[in-house]
Structure formats: structure tokens, C-alpha cells
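Visitor: The amino acid sequence is not available; the structure is as follows:
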């Protein structure tokens with residue numbers, strides 16, 4: 001009886017003893033798993049920490065390099081800026097940036113030379129009789145001038161800076177009327193005649209600078225302003241011919257005078273376009289005839305320069321009536337009765353000279369040089385006085 005009671009107790013003890021290693025092994029396995037997990041997490045944290053430190057080090061290095069480039073190494077800064085500028089210039093080769101007044105209710109456009117100071121730009125707006133918030137404004141760069149004039153003008157004629165300004169107002173008739181201020185070499189008549197070659201028609205133009213300049217670079221801004229104002233892209237070949245005409249007329253003016261040079265070039269141009277002359281010999285005969293008419297003696301080089309220019313111009317189609325309107329303004333080919341009628345009409349409906357009458361000479365100082373290919377004196381004295389003065393030759 002006693003043995004039967006003891007036996008189950010012994011068996012239970014054996015079984016309990018046998019299970020202890022298994023439990024211990026399970027406990028060890030669990031402990032190892034947790035330890036492995038913790039070790040893995042620790043490794044990941046360490047790795048992340050190292051990555052973070054490495055990233056921070058890279059950022060510090062990058063920041064240091066940026067500071068060196070922009071602060072301690074101006075040459076690198078200059079090179080980087082130049083590359084960026086060149087890239088931007090390539091992207092915007094055929095686009096004209098309008099920097100002010102792009103929402104204004106007018107077609108008028110002002111161009112300003114990039115090298116003018118803020119005060120000089122303000123003076124130009126005042127001279128033009130307008131302000132930045134009333135017109136569209138374009139900044140003309142030196143690269144713009146080089147683009148138009150390289151290969152035609154000398155480096156000295158192009159210069160190193162861009163200061164000339166322009167103000168362009170499209171009109172419906174009357175040809176091209178030009179007024180200049182502080183241009184001591186290029187005249188209003190030269191500019192007007194040249195603009196017809198570029199393909200421009202019917203507009204009022206002011207070309208000016210806060211101080212005296214030759215004016216050879218003024219044509220670039222005028223053409224850019226006209227294209228923006230009219231929304232019309234002028235033929236590249238015509239623009240090139242126009243630049244060449246300005247330089248040719250200027251060179252000729254050095255020896256025979258600006259008025260005579262302008263008349264000869266303008267009348268030869270009218271002759272070849274009117275008669276459709278394209279042959280060099282025929283063009284040469286026209287040059288000789290008109291030079292003789294104005295009692296001008298040309299050298300062989302001057303004649304050849306004119307013939308070469310006219311050959312280029314003869315390749316293009318032009319509105320001859322528009323060109324004649326402008327050339328008539330230059331030569332004063334307006335009869336007495338037509339002059340009286342124009343005075344009467346202008347009194348009632350305006351002269352059509354628009355912006356040319358609104359300039360403020362005081363904005364450019366007391367020694368301003370002005371020139372115009374039309375009478376822009378206005379009608380402030382009244383109609384009767386104007387008519388009387390006309391017959392008196394005043």
C-alpha cells in the first residue's frame with residue numbers, strides 16, 4: 001500500500017527533474033533571441049548614427065566649399081556667374097525682356113542703356129516726358145549692340161559701354177520723324193533714313209543720352225523698341241543693311257559733311273528702289289549722277305562703299321511711298337500751300353509729332369545738343385501767328 005503511494009510521487013519527481021533542462025534551454029533561447037534583437041537594434045542605431053555623422057560632415061564640407069566660392073575666391077564666382085549668364089543669354093537670344101510697364105495701355109516703348117545709373121535713367125524718363133509706370137521699358141545691353149554691329153562697325157565705334165536711349169511711338173502715317181539729344185555725330189536725318197532701310201514705317205523716334213555720345217549705338221535700341229512696340233519682327237538682312245548704311249553715311253560725313261552725306265545716300269537709295277536697279281554698274285551711274293547734283297566729289301573707295309551698300313538694299317522689298325515720306329521730311333520737299341494746310345490741320349487735330357513735342361530739355365542740363373528732322377516747335381503761339389510766321393519764313 002505504501003509502495004503504491006510512493007511510486008506516483010517518484011515518477012512526478014523524475015518528470016519534473018527531466019523538464020528543467022528543457023525549460024532552461026527555452027529560457028536561454030529566448031534570452032539569446034532578445035539579446036540578438038537588441039544587438040541588431042544597437043548595430044542599426046550605430047550605423048544610422050554613423051550615416052548621420054557622415055551626412056553632416058558632407059554638408060559642412062559643402063557649406064565650406066560654397067563659402068570659399070562666393071566669399072574667398074572671387075575668380076570662381078566670376079566664372080560661375082559668367083557661365084550662368086552665357087546660358088541664360090543662349091536661352092533668350094530671340095526674346096526681348098520688357099522690364100517695366102508690361103501691362104500699360106500704350107504701344108510706346110523706352111529703351112535705356114545698361115550702363116546708366118539710376119539717376120541717369122530717371123533723367124531720361126523726365127526728358128522723354130514719361131515715367132517707368134506709363135511705358136514699356138527695355139534695357140539694351142552691350143552684347144545687344146555687338147550682335148547688331150559686329151563686323152560692320154569698328155571696335156572703337158561700338159565702344160565698351162551702352163548708354164544711348166530711345167523712345168519710340170508708332171503712328172499711322174507721316175513716315176519716320178526723329179529727334180535727338182546729346183548725339184554729337186549721328187544726326188536725326190541719318191537715323192531716319194537708316195530706319196527706313198531696316199524696314200520701319202511711320203513712327204516718332206527720340207534718340208538721346210544724358211551726356212554727349214557719338215550716337216552710333218543708338219540704332220540698336222531704336223530697332224528693339226520698334227519691334228516691341230509694333231509687334232513686328234524686322235528682317236535680319238534689312239537690319240544689317242541699316243547698320244551698314246549708318247556707318248557708311250557717318251564715314252562719308254567725315255569728308256563731305258553730314259547733311260550732304262545724308263542727302264546723297266538717301267537719294268541714291270530712293271533712285272535704285274524706284275527704278276529697280278540691281279546691277280553694280282547701273283547703281284554706280286546713279287551714285288555719280290546724284291553726287292554731281294549735290295556738287296560732291298567721291299573717292300573711288302567711297303563710291304565703291306556706296307555701291308556695295310546699295311547692292312544689299314536692292315535685294316529687299318520696301319514700301320517706296322513710306323520711304324519717300326521720310327526722305328521728304330529730310331529734304332524739306334513740302335510745297336508752300338501744303339505747308340500752310342499742314343499748319344492749319346495740325347492746329348485742330350494735332351501735328352502727329354506726338355512724343356517729339358513732349359521732351360523736357362531741362363532734364364539733361366543747360367548744354368544739351370538737340371536735332372530734329374521735322375519742325376517740332378509746337379503750336380503754342382496760335383494758328384494765326386503760325387500762318388503769319390510761315391509766310392515770313394520764320
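Guide: Arrived safely. No experiment lies behind these values; they were computed from the predicted model shown. Numbers count the residues shown, from 1 in each chain.

Visitor: Quickly find the element holding residue 116.
Guide: Per DSSP states H and E, residue 116 falls between elements, in no helix or strand.

Visitor: what residues are up against it?
Guide: By Cβ atoms under 8 Å, 6 or more residues apart in numbering, the contact list for residue 116 reads 124, 163, 165, 210. C-beta coordinates here come from the backbone N, C-alpha and C atoms, glycine included.

Visitor: In helices, which of those fall?
Guide: residue 124 (DSSP state H).

Visitor: so residue 265 sits right up against residue 251, yeah?
Guide: No. Contact between residue 265 and residue 251 fails when scored by Cβ atoms under 8 Å: they sit 10.6 Å apart.

Visitor: neighbour-wise, which of those two wins?
Guide: Legend: neighbour count by other Cβ atoms under 10 Å for residue 265 and residue 251, higher for residue 265 (26 against 14).

Visitor: What's the local residue count around the spatially closest residue to the more buried one that is not a sequence neighbour?
Guide: Closest residue in space to residue 265, ignoring its immediate chain neighbours: residue 249 at 4.9 Å, by Cβ to Cβ, 6 or more residues apart in numbering. Residue 249 has 24 neighbouring residues, counting by other Cβ under 10 Å.

Visitor: And for the one 5 residues further on?
Guide: The burial metric for residue 254, expressed as a neighbour count using other Cβ under 10 Å, is 10.

Visitor: just the one 4 residues further on next, same as before
Guide: Counted with other Cβ under 10 Å, the burial measure for residue 258 works out to 18 neighbours.

Visitor: list the contacts for it?
Guide: 187, 189, 190, 249.

Visitor: ok so, going back, strands - which of the contacts of residue 116 land there?
Guide: Of the contacts of residue 116, the ones assigned to strands by DSSP state E are 165, 210.

Visitor: so what does the helix or strand harbouring residue 204 touch, helix or strand wise?
Guide: For residue 204, the host element (DSSP H and E) is strand 203-213. Applying 3 or more Cβ pairs under 8 Å, 6 or more residues apart in numbering; DSSP states H and E, one finds that strand 203-213 makes contact with helix 118-128, strand 165-170, strand 176-183, helix 188-198, helix 218-230.

Visitor: Top of the contacts of residue 258 by number of neighbours, please.
Guide: Of the contacts of residue 258, residue 190 is surrounded by the most neighbours, 31 neighbours in total, counting by other Cβ under 10 Å.

Visitor: hang on, the earlier thing: wait, the residue nearest to residue 265 touches residue 189, no?
Guide: No. Contact criterion Cβ under 8 Å: residue 249 and residue 189 do not qualify, at 9.1 Å.

Visitor: Overlap of the contact sets of the two?
Guide: Here residue 249 and residue 189 have 258, 262 as joint contacts, going by Cβ under 8 Å, 6+ apart.

Visitor: Scan the contacts of residue 116 and report the most crowded one.
Guide: The residue in the contacts of residue 116 with the most neighbours, by other Cβ under 10 Å, is residue 165 (30 neighbours).

Visitor: quick one, what contacts that one?
Guide: By Cβ under 8 Å, 6+ apart, the neighbours of residue 165 are 110, 111, 112, 113, 116, 124, 207, 208, 209, 221.

Visitor: which regions of this protein lie under the pLDDT threshold?
Guide: 1-104, 331-352, 375-394 (pLDDT under 70).

Visitor: Report the buried residues of the strand holding residue 204.
Guide: 203, 204, 205, 206, 207, 208, 209, 210, 213 (16 or more other Cβ atoms under 10 Å).

Visitor: Name every strand pairing with it and say which way it goes.
Guide: Strand 203-213 has its sheet partners listed here by DSSP bridges as strand 165-170 (antiparallel), strand 176-183 (parallel).

Visitor: Which positions within the shortest one qualify as buried?
Guide: Applying a neighbour-count criterion of 16+ other Cβ under 10 Å, one finds 165, 166, 167, 168, 169, 170 buried in strand 165-170.

Visitor: Identify, from those, the entry nearest to residue 179.
Guide: residue 167 (9.1 Å; Cβ to Cβ).

Visitor: can you give me the helices for the stretch 251-394 of the chain?
Guide: Listed in chain order, the helices of the stretch 251-394 of the chain (DSSP state H, counting those that start in this stretch) span 258-275, 280-293, 300-313, 320-331, 336-349, 383-392.

Visitor: got the strands paired with strand 203-213 as CSV, with distance to residue 272 columns?
Guide: Listed next are these as CSV, based on distance: least, Cβ to Cβ, whole Å:
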stretch, distance to residue 272
strand 165-170, 27
strand 176-183, 19
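
Visitor: Ok, which of the ones you listed comes nearest residue 355?
Guide: strand 165-170 (4.7 Å).

Visitor: quick one, the closest one and helix 118-128 angle?
Guide: 30 degrees (axes from the mean of the first three to the mean of the last three Cα atoms, to 10 degrees).

Visitor: Strand 165-170 versus helix 188-198: what angle between them?
Guide: Put simply, strand 165-170 runs at 60 degrees to helix 188-198, going by the same axes, to 10 degrees.

Visitor: which residues touch the closest residue to residue 171 other than its chain neighbours?
Guide: Distances taken as Cβ to Cβ, 6+ apart put residue 202 closest to residue 171, at 4.8 Å, once the chain neighbours are dropped. By Cβ under 8 Å, 6+ apart, the residues touching residue 202 are 170, 171, 172, 173, 174, 175, 176, 322, 325.

Visitor: would you say the fourth one is within a helix?
Guide: No. Inclusion of residue 173 in a helix is not indicated when DSSP: H, G, I helix; E, B strand; the rest coil is applied; the result is coil.

Visitor: Distance check, it against residue 240.
Guide: Distance check for residue 173 against residue 240: by Cβ to Cβ, to the nearest Å, it reads 27 Å.

Visitor: okay, the helices and strands packed on strand 203-213 in CSV with distance to residue 364 next?
Guide: Shown next, in CSV, are these (distance: least, Cβ to Cβ, whole Å):
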stretch, distance to residue 364
helix 118-128, 5
strand 165-170, 11
strand 176-183, 6
helix 188-198, 16
helix 218-230, 15
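
Visitor: returning to what we had before: nearest to residue 359, of the contacts of residue 258?
Guide: Relative to residue 359, the closest of the contacts of residue 258 is residue 187; by Cβ to Cβ it sits at 16.7 Å.
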